[in-house]
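sequence? don't have it. structure:
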């Protein structure tokens, strides 16, 4: 089992920045690829970014490319999502998740955090 806990969400004006953190406990963190997902009201959950076990490769959804950066610190068992130039359409609950390999498919992620709310005002 891997337990995940997100933090860092909040209310920010458009154009602002937030940094989300996801702390992992339980099994060896470096054994898992990590992803950040988001879900807005009335919409399906979508992947925002993902990173390999070692951090040597990343994936970004087109909607956030150039604005968001995913990173990880395996010594601290933590994955981060730096979000810059935020837009109102980025408003959602953001979740981190762990998988055996980096994937764009939600079903490949076995462990999920509870989520943190990000609200971007116009």
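Here it is on my side, so go on. Computed from a predicted model, the values in this text were never measured in an experiment. Numbering: from 1, shown residues only.

how distant is stretch 12-20 from the center of its chain?
The chain centre lies 14 Å from the centre of stretch 12-20; the measure is Cα atoms, centre = their mean, to the nearest Å.

okay, now the nearest residue to residue 57 once chain neighbours are set aside: neighbour count?
In space, not counting the residues next to it along the chain, residue 57 is nearest to residue 102; the distance is 6.8 Å by Cβ to Cβ, 6 or more residues apart in numbering. Every C-beta, even on glycine, is put in place using the N, C-alpha and C of the backbone. Other residues lying near residue 102 total 17 when counted by other Cβ atoms under 10 Å.

ok, now residue 76?
12.

Check the gap between the nearest residue to it once chain neighbours are set aside and residue 107 for me.
By the measure of Cβ to Cβ, 6+ apart, the closest residue to residue 76 outside its immediate chain neighbours is residue 23, 7.9 Å from it. In this structure, residue 23 and residue 107 are 24 Å apart, going by Cβ to Cβ, to the nearest Å.

Work out which residue lies at the spatial centre of this structure.
Nearest to the mean C-alpha position of the chain, counting by Cα atoms, centre = their mean, stands residue 36 at 2.3 Å.

So what does that residue have for phi and psi?
Recorded main-chain torsions at residue 36 are phi -110, psi 130, according to degrees, to the nearest 10.

Assign a three-state SS to the residue nearest to residue 57, would you?
Under the three-state scheme (DSSP: H, G, I helix; E, B strand; the rest coil), residue 102 adopts coil.

My guess is it contacts residue 56. True?
No. Judged on Cβ atoms under 8 Å, residue 102 makes no contact with residue 56 at a distance of 10.2 Å.

contacting residues for residue 6?
Residues near residue 6 by Cβ atoms under 8 Å, 6 or more residues apart in numbering: 20-22, 94-96, 113-116.

what's stretch 94-105 in contact with?
Contact partners of stretch 94-105, identified using Cβ under 8 Å, 6+ apart, comprise 2, 4, 6, 9, 20, 22, 24, 31-39, 45, 47-48, 50-52, 57, 59, 79, 81, 106, 108-118.
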